[in-house]
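Colleague: Task: produce atomic coordinates for the following.
(chains A and B)
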Amino acid sequence: MTKGKVKGIIANLVTVGVDGPVAQNEICYISIGETKLMAEVIKVTGENVYVQVFESTRGLKVGNEVEFTGHMLEATLGPGLLSRNYDGLQNDLDKQTGVFLKRGEYNFPLDKEKLWKFEPIAQVGDKVEAASWLGEVDENHQPHKIMVPFVFEGTYTVKSIAKAGEYKIEDQIAVLTDEEGKDHVVTMVQKWPVKKAILAYREKPRPFKLLETGVRTIDTANPICEGGTGFIPGPFGTGKTVLQHAISKQAEADIVIIAACGERANEVVETFTEFPELEDPHTGRKLMERTIIIANTSNMPVASREASVYTSMTIAEYYRSMGLRVLLMADSTSRWAQALREMSNRMEELPGQDAFPMDLSAIIGAFYARAGYVYLNNGKTGSVTFLGTVSPAGGNLKEPVTEGTKKVARCFYALEQARADRKRYPAVNPIDSYSKYIDYPEFEEYISKLIDDQWLGKVNEMKTFLQRGKDIQEQINILGDDGVPVDYHEEFWKAEVIDFVILQQDAFDKIDAVCPLERQRYMLDLVMDICRHDYNFEVFTDVSEYFKRVINLCKQMNYSEFHSNDFENYRKKLDELLAEKQIAK
Amino acid sequence: MAQAFQKIYTQITAITKATCSLRAEGVGNDELALVNGKLAQVVKILGNEVTLQVFQGTEGIPTNAEVVFLGKAPSLKVSDQLSGRFFNAYGDPIDGGPAVEGKEVEIGGPSVNPVRRKQPSELIATGIAGIDLNNTLVSGQKIPFFADPDQPYNQVMANVALRAQVDKIILGGMGLTNDDYLYFKNVFTNAGLLDRIVSFVNTTENPAVERLLIPDMALTAAEYFAVEKREKVLVLLTDMTLYADALAIVSNRMDQIPSKDSMPGSLYSDLAKIYEKAVQFPEEAGGGSITIIAVTTLSGGDITHAIPDNTGYITEGQLYLRRDSDIGKVIVDPFRSLSRLKQLVAGKKTREDHPQVMNAAVRLYADAANAKTKLENGFDLTDYDERCLQFAKEYSNDILAIDVNINTTEMLDIAWALFAKYFKPEEVNIKQALVDKYWKK
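Modeller: Okay, here's the model as predicted:
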């Protein structure tokens, strides 16, 4: 392997002189005393190789030895990834000793000793290719498929396959013969370079299946699909993290991967603390069983922040290849972009807008493109749904990361300062936000079967009411309460009913936090029925007072168990109240 | 400080306002050096050319200055002797007392493994209702005051420090005016708290670049007390805007390409490294904690500037002070202030109705703000608007003003009394079960 010596140091950018060939993105280790620091090649000019070190470079000296490894940064893939807490380089944080992280302490991300109950799927003589399913183990109740390693090219014949039984991850489970007659041993663990997409599937159609999140402002107003992409930009303090946590807890996915990328450590700790206790609303098992956390908090080294999003995506693609529905959440992609900026700056590249690297939008685009709903080679389906948050500087959406993301993500959930200030949570602006999936005919067909064929019509009607309410509010602000007709107030308050009852949701209330689709349908029907009626009011002051009572009863319904006695009682009171003023059609 | 057989370099090849470069060998990154007796730190090594950042500035440094490398990164000697003492940015006493003896620890040490942290869950009561009721603080939290330079943030911070139930208070003063430095010193001395306090102070009279050492010094001391002594430590950092300005000066002298507002591209990571030292340790690691309350001064209230903006993304909320002209007092602004960790204690360590009462009161206060706009625009007010305005005035005076000093249960009772005085239950929008229990009849 190629060796080298340190020639220069600026923060975590190190220049190395080498004695042999090196590859772009190759991993190397720099010795500093007994410790070895992991680094990645990011630029080569003549004899100088620039590497970014994934650790602090304090005390590093010119002349220190560097060893190259001959491979890029790789993720280790196999059974036992679920429920683990990794750093951006896939070190198991629970295996690290001590309260403080030690520089240069790396570990193997899986358990080599654990026995897994293996069931073969492939048979001797089968023709297989990369990602073909050879067998299956049970990992936290998920059918974890043991696959032909993704790096295998061409077709292979199964020469032998292990019998059902218990095996360790490094035990031989199959021997495959390639087209030239050479034998290859396959175990349960494989490696894949994180910056390359795993493309071992047949086809990637447009996403069309609703991914239920239990959040009304998403599912009802702007739904995201299995295999879809979305992003949540918002100034700080608008509830990005609360919304993301709600989605990761409630979404109807088999596997949830949370990439805490350059964010607060206490937020990750919240996930560490809560997920082992909380139940998955769909299966009743503990949330942690289906979750993997990649934690690279803001005080951990910058370079591994960049690696963390790729590590997460690679693990997501791995589970997708097993025919599972994976949800990947990254908080926040802006921190990743900032890591790119810091490196680009140290390499003295000519900067683009706001000093970000010129190719930022291409990098973001390529990353979002790795998500998707796929038909695997065996005809089964799997998906990686990707939701990223963006932290726009100064809350200004005209900045490079937001703009680069807007070009590629299909759902946009605009968190708004004004809504947050008024404590209207989730602070997603219903008018600026969008889901492009609503316009897909294949989604319309799917949702018509799943809910009913009136559904999308009702959703659009709701949005029209909201838009009208907003327009009227502006007029009232200009002309004054008594400067507009009474029915203007009525229209405005109908929009408020939609806002308070459908769009707002209390993430900290046990019942209101999760709203299943059936309940969303019930509430939308109820609210749209309220909105479609005309009411009998003499003066505008009666309007607000009346609708506040309507809202209060609807909110009490939201806080009650669906169809419980309380719920039905509130409904009864609401119907009585509505009968007082509604004009029969 | 010089030791025997130390190599002395005397050939400086380049000098800027904050850095100087020379040819030297065997030098480690981040290592300290003395340039004609002035403390400096290695910031860049290219082959045998080493660039040093000189903390006091390079005024008067000649090209033949004597440079000695010290073979270590900046460090602080930690022990119980730190208590009650005042130090400069290098950790040297400025109170006339003797040097501190103890274990020498490099500052800016490694971060806590996130899985070894504990979720913060202990309330830090301040008696200020605008904080305790609406923006409850939790041990292990990091939160700044976003304040205009003319607001009394240092006074509020000193009050919080005096009332908070903690074992140690560490003050990191960056660019403090001499008056404010003496204010802190007097308040702490008069309260008889001096033995609980450690101060690292850089005043406006000291060189700006020295400030860069203050947060790390303060936090190294904090880590000593929180880890080794298992104490509950509160760190006060004022003013972080001046810290960031010093970062910008250095990056500018090193010809780095500035990003937004002339700040270095690494501002987010630089600030995060400091704020993320806030931590609650679990019982198995001693159960100590570090809580950080900082000040970020704004220019003209602009929070989109890179410094408050990046800070807001790192810290767990922010507190705003505002002068309420209706009552003539400074209040904690309920709209823009936020404590992200409040739900960990609100309604759990405080009475169950806390979260809903807090939200309802702020909602009504917002309605009052709308009514006020209407009034200013010359429109008639409804009866509801009038009631909101009256409510807002009392709420502002009894709850939000910074001179309030009561416990949370009293705060909640005051809020319920105000609700009952001005509103009907259905206007307040609180869960029926709580209304049944607490509504003042």
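Colleague: all contacts plus neighbour counts: C-alpha atoms, from now on.
Modeller: Fine.
Colleague: contacting residues around the one residue sitting closest to the centre of chain A?
Modeller: Centroid-nearest residue in chain A: A:Met329, 1.9 Å away (criterion: CA atoms, centre = their mean). Contact partners of A:Met329, counting by CA atoms under 8 Å, 6 or more residues apart in numbering or on different chains, are A:244, A:248, A:256-259, A:386-388.
Colleague: Counting only helices, which of these make the cut?
Modeller: A:244, A:248 (DSSP state H).
Colleague: Farthest-apart pair in the contacts of A:Met329, please.
Modeller: A:Val256 and A:Gly388 (13.3 Å; CA to CA).
Colleague: Counting neighbours, go ahead and name the busier of the two.
Modeller: A:Val256 (28 against 22; other CA atoms under 10 Å in any protein chain shown).
Colleague: re earlier: I'd like the contacts of A:Met329 written out as TSV, with pLDDT and distance to A:Ala337 added.
Modeller: As requested, those are exported to TSV (pLDDT from 0 to 100; distance: CA to CA, whole Å):
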residue	pLDDT	distance to A:Ala337
A:Gln244	88	19
A:Ser248	90	23
A:Val256	95	23
A:Ile257	96	20
A:Ile258	94	18
A:Ala259	94	14
A:Phe386	97	17
A:Leu387	95	16
A:Gly388	94	12
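Colleague: Out of the contacts of A:Met329, which comes closest to A:Asp111?
Modeller: After measuring the contacts of A:Met329 against A:Asp111 - CA to CA - the closest member comes out as A:Ile257, at 19.1 Å.
Colleague: can you pull up the bridge partners for the closest one?
Modeller: For A:Ile257, the beta-bridge partners are A:Ile292, A:Leu328 (DSSP bridges).
Colleague: My guess is B:Asp333 contacts B:Leu321. True?
Modeller: Yes: between B:Asp333 and B:Leu321 there is a contact at 5.7 Å, judged by CA atoms under 8 Å.
Colleague: who's more crowded, those two?
Modeller: B:Leu321 (24 against 20).
Colleague: hmm, back to that, ok, and the most crowded of the contacts of A:Met329?
Modeller: A:Ala259 (31 neighbours).
Colleague: Select the longest helix from the chain.
Modeller: I went with chain A, as the question did not name one. Max-length helix for chain A by DSSP H is helix A:455-479.
Colleague: oops, I was thinking of chain B
Modeller: Chain B, longest helix under DSSP H: helix B:354-376.
Colleague: in what helix or strand does A:Glu576 lie?
Modeller: helix A:565-581 (DSSP states H and E).
Colleague: buried stuff in that helix?
Modeller: Buried residues in helix A:565-581, counting neighbours by 16 or more other CA atoms under 10 Å in any protein chain shown, are found at A:567, A:570-571, A:574, A:577-578.
Colleague: and which of these is nearest chain B?
Modeller: A:Tyr570 (11.0 Å; CA to the nearest CA).
Colleague: so what's A:Trp336 closest to, chain neighbours aside?
Modeller: Nearest non-adjacent residue to A:Trp336, counting by CA to CA, 6 or more residues apart in numbering or on different chains: A:Glu306, 5.3 Å away.
Colleague: And the one you found, what's its pLDDT?
Modeller: Listed pLDDT for A:Glu306 reads 88.
Colleague: residues in contact with the residue of chain B most remote from its centre?
Modeller: For chain B, the largest distance from the centre (CA atoms, centre = their mean) belongs to B:Asp380, which lies 44.1 Å off. When contacts are counted by CA under 8 Å, 6+ apart, B:Asp380 touches A:480-481, B:374.
Colleague: quick check: domain ranges of the chain?
Modeller: No chain specified, so I'll use chain A. The record assigns chain A these domain ranges, following automatic domain parsing: A:3-73, A:116-192, A:216-438, A:455-583.
Colleague: Sorry, I should have been clearer: chain B.
Modeller: B:8-69, B:75-106+B:139-315, B:354-438.
Colleague: Are the second one and chain A in contact anywhere?
Modeller: This points to domain B:75-106+B:139-315. Yes: using CA under 8 Å from any CA of the partner chain, domain B:75-106+B:139-315 reaches chain A at B:256-260, B:265-266, B:269, B:272-274, B:276, B:279, B:285, B:303-306, B:309-310, B:312-315.
Colleague: out of these, which are buried?
Modeller: B:256-259, B:265-266, B:269, B:272-274, B:276, B:279, B:285, B:303-306, B:309-310, B:312-315.
Colleague: from those residues, which ones fall inside helices?
Modeller: Per DSSP H, these map to helices at B:269, B:272-274, B:306, B:309-310, B:312-314.
Colleague: and which of the residues you listed is nearest to A:Gly394?
Modeller: The closest of these, once distances to A:Gly394 are taken by CA to CA, is B:Asp309, at 5.6 Å.
Colleague: pLDDT score for the closest one?
Modeller: On the pLDDT scale, B:Asp309 gets 89.
Colleague: What residues does the residue most central in space within chain B make contact with?
Modeller: Centroid-nearest residue in chain B: B:Ala294, 1.4 Å away (criterion: CA atoms, centre = their mean). Each residue near B:Ala294 by CA under 8 Å, 6+ apart is listed here: B:142-145, B:235-240.
Colleague: Also A:Met188?
Modeller: Taking CA under 8 Å, 6+ apart, one finds A:78-79, A:146-147, A:168-173 in contact with A:Met188.
Colleague: pretty sure the residue nearest to A:Trp336 contacts A:Glu342?
Modeller: No: contact criterion CA under 8 Å: A:Glu306 and A:Glu342 do not qualify, at 10.9 Å.
Colleague: still on that earlier bit, which helix or which strand is home to the residue nearest to A:Trp336?
Modeller: Here A:Glu306 is assigned to helix A:302-320, by DSSP H and E.
Colleague: Now do the contacts for B:Leu389.
Modeller: B:Leu389 neighbours (CA under 8 Å, 6+ apart): B:365, B:368-369, B:371-372.
Colleague: could you measure it against chain A, distance?
Modeller: To chain A, B:Leu389 is 16 Å away according to CA to the nearest CA, to the nearest Å.
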